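[1] Predicted model and sequence below, questions to follow.
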Amino acid sequence: NGPSSRAIPDARNTLPTCMSNLGYQTAAIGKMHFTPQRARHGFQEMILPEDYYRHMARRGYDVQPMHHGLGQNELYPGMATVPEALTLTSWTAEQCVEYIRERRDPTLPFFLWCSFSKPHPPIDPPEPYYSMYRDCDIPTPVFGDWSEGEDVPYAFRLMREKQSFDLVPPEVIREARAAYYGVITQIDYNMGRVFAALQDMGIFDDTLIIYTSDHGEYLGDHCAGGKGFFHEPSAHVPFALRMPQGWDNRQHGTRNRSLVTLADILPTAVTAAGGAPPSDVDGLDLVALARGEIEPRTHLESALGGPDRPGNYAITDGRWKYIWFPVGGSEQLFDLENDPQELHNISSAEVASPHLERLRTELIARHQARGSSAVEEGNWVTLPVPAETEADRRNTSWPGYHTEFYHIDVRH
């Protein structure tokens, strides 16, 4: 995902490799974020955003990203410079439709990964989506009591200041939110085109459909934008599962409150295809979970960071969420049942002490079992806060927009 330092080892058991081994045709269409960008990792066919840019250039359109000067994660909204039918979102859907109708072998099962670059910034929908929500009531950002002053964890503050999210005016945030909703609606329309192709080919009711996103977007919440932390705007994403006809007698639209993660996609898809997931992968079979055939997980943990960026670690049981920020040694605890917007960090509240201790102990034990350097002798390792000036922190970073550190398919 991104620079060469994050390349996927060839020996990994990837989802498309597993599906190929089960006799499935495998195709990836849209943003893959791979390095090298044409690495297939088990996909037999691959169509990337770079192919869209080349296609448009041959038709005389200059649709290269970044020419307008907006950063790839900025909140400033804009309008697409081409009609809806010529946008990357529409083109991605069109390639999926063509694959379903024409390019696949109809005698074989298929696995199609349809990956839209949007709604990731730049937030630049075409009309009519750009203006669609402009005059609607737009929810205003929320601000936690921990998001200002000395209570802001160092890594979170660094993200805000490095990308100047906290300086974006409220009126621009409102415009960005309206445009963001427009981008999502455009994706919704184009997903409808893909579903229509499945229906036209008579295979909609035979297809397992998984719809989700790799991350959310703060959109001004807690004076932030982008993602990269475990607060709800960033980490709580949609996850929809539509099973083939006859697989489950539950009414469509049923909501399951179990804790799930993107790691569940591999075992779900592989098991649905009649295979057994590799023994070294995480995740649950969500079809079995939805049917009540397996027990839901009691906790869900995750981690972000590495040697080149301040990290944060989190664990939740569905109601309580604990987050640890190693740099500076900050802890956060949220009661998601009574405070779903995470307005109050209650890690220092006496009434919450048992939940803080319980989740902290659980997360430390998991790190210790893996031999993580984040813990030592049963305790978190606190890292020092670097000595920086405000100018250092405000030194904006838009990798890919002003360097060649990232290839073109990563610039969206």
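    The structure has been received and is ready for your questions.
[2] Hmm, Ser234 and Gly225 touching each other?
    No - with contacts counted by CB atoms under 8 Å, Gly225 stays clear of Ser234, the gap being 10.0 Å. Bear in mind the C-beta positions are built from the backbone N, C-alpha and C, glycine included.
[3] shared neighbours of the two, anything?
    By CB atoms under 8 Å, 6 or more residues apart in numbering, Gly225 and Ser234 have these common neighbours: 217-218.
[4] Counting neighbours, go ahead and name the busier of these two.
    Gly225 (28 against 21; other CB atoms under 10 Å).
[5] contacting residues for the more buried one?
    73-75, 121, 163, 165, 168, 217-219.
[6] which ones are touching the closest residue in space to it that isn't next to it in sequence?
    Residue nearest to Gly225 in three dimensions, not counting chain neighbours: Phe165, with 4.1 Å by CB to CB, 6 or more residues apart in numbering. Residues near Phe165 by CB under 8 Å, 6+ apart: 75, 159, 218, 220, 223-226.
[7] give me the number of residues near the residue nearest to Ser330 when sequence neighbours are not counted?
    Sequence neighbours aside, Pro153 is the residue nearest to Ser330 in space, at 4.0 Å (criterion: CB to CB, 6+ apart). The tally of other residues near Pro153 (other CB under 10 Å) stands at 24.
[8] Could I get the full set of strands for the protein?
    Using DSSP state E, the strands found in the chain span residues 25-30, 45-47, 110-115, 209-212, 239-242, 300-306, 309-316, 320-325, 330-335, 375-376, 379-380.
[9] could I get those strands as JSON lines with mean pLDDT and distance to Arg103?
    Listed next are the strands of the chain as JSON lines, based on pLDDT from 0 to 100; distance: least, CB to CB, whole Å:
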{"stretch": "strand 25-30", "mean pLDDT": "98", "distance to Arg103": "8"}
{"stretch": "strand 45-47", "mean pLDDT": "96", "distance to Arg103": "7"}
{"stretch": "strand 110-115", "mean pLDDT": "98", "distance to Arg103": "10"}
{"stretch": "strand 209-212", "mean pLDDT": "98", "distance to Arg103": "19"}
{"stretch": "strand 239-242", "mean pLDDT": "94", "distance to Arg103": "23"}
{"stretch": "strand 300-306", "mean pLDDT": "86", "distance to Arg103": "36"}
{"stretch": "strand 309-316", "mean pLDDT": "86", "distance to Arg103": "40"}
{"stretch": "strand 320-325", "mean pLDDT": "98", "distance to Arg103": "44"}
{"stretch": "strand 330-335", "mean pLDDT": "98", "distance to Arg103": "47"}
{"stretch": "strand 375-376", "mean pLDDT": "94", "distance to Arg103": "50"}
{"stretch": "strand 379-380", "mean pLDDT": "97", "distance to Arg103": "51"}
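[10] could you dump those strands to JSON lines with mean neighbour count and distance to Met79?
    Formatted as JSON lines, the strands of the chain follow (neighbours: other CB atoms under 10 Å; distance: least, CB to CB, whole Å):
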{"stretch": "strand 25-30", "mean neighbour count": "23", "distance to Met79": "22"}
{"stretch": "strand 45-47", "mean neighbour count": "19", "distance to Met79": "26"}
{"stretch": "strand 110-115", "mean neighbour count": "19", "distance to Met79": "23"}
{"stretch": "strand 209-212", "mean neighbour count": "15", "distance to Met79": "26"}
{"stretch": "strand 239-242", "mean neighbour count": "16", "distance to Met79": "29"}
{"stretch": "strand 300-306", "mean neighbour count": "16", "distance to Met79": "32"}
{"stretch": "strand 309-316", "mean neighbour count": "20", "distance to Met79": "32"}
{"stretch": "strand 320-325", "mean neighbour count": "24", "distance to Met79": "36"}
{"stretch": "strand 330-335", "mean neighbour count": "22", "distance to Met79": "37"}
{"stretch": "strand 375-376", "mean neighbour count": "16", "distance to Met79": "49"}
{"stretch": "strand 379-380", "mean neighbour count": "14", "distance to Met79": "46"}
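[11] residues near the closest residue to Ala314 other than its chain neighbours, how many?
    In this structure, Ala314 finds its nearest non-sequential neighbour in Phe230, 3.7 Å apart by CB to CB, 6+ apart. Neighbours of Phe230 under the rule other CB under 10 Å: 24.
[12] Distance of the residue nearest to Leu259 when sequence neighbours are not counted relative to Arg291?
    What sits nearest to Leu259 in space, not counting adjacent residues and going by CB to CB, 6+ apart, is Leu300, at 4.1 Å. From Leu300 across to Arg291, the span is 20 Å (CB to CB, to the nearest Å).
[13] hmm, back to that, quick one: which of the contacts of Gly225 has the most company?
    The most crowded member of the contacts of Gly225, judged by other CB under 10 Å, is Leu75 (27 neighbours).
[14] That one against Val172, yeah?
    Yes - applying CB under 8 Å as the test, Leu75 and Val172 come out as touching, 6.8 Å apart.
[15] so who does the closest residue to Leu359 other than its chain neighbours touch?
    Nearest residue to Leu359 in three dimensions, chain neighbours excluded: Tyr322, at 3.7 Å (CB to CB, 6+ apart). Applying CB under 8 Å, 6+ apart, we find Tyr322 in contact with 314-316, 331-333, 347, 355-356, 359-360, 363.
[16] can you give me the helices for the stretch 201-350 of the chain?
    Ranges of helices within the stretch 201-350 of the chain are 232-235, 265-272, 286-291, based on DSSP state H, counting those that start in this stretch.
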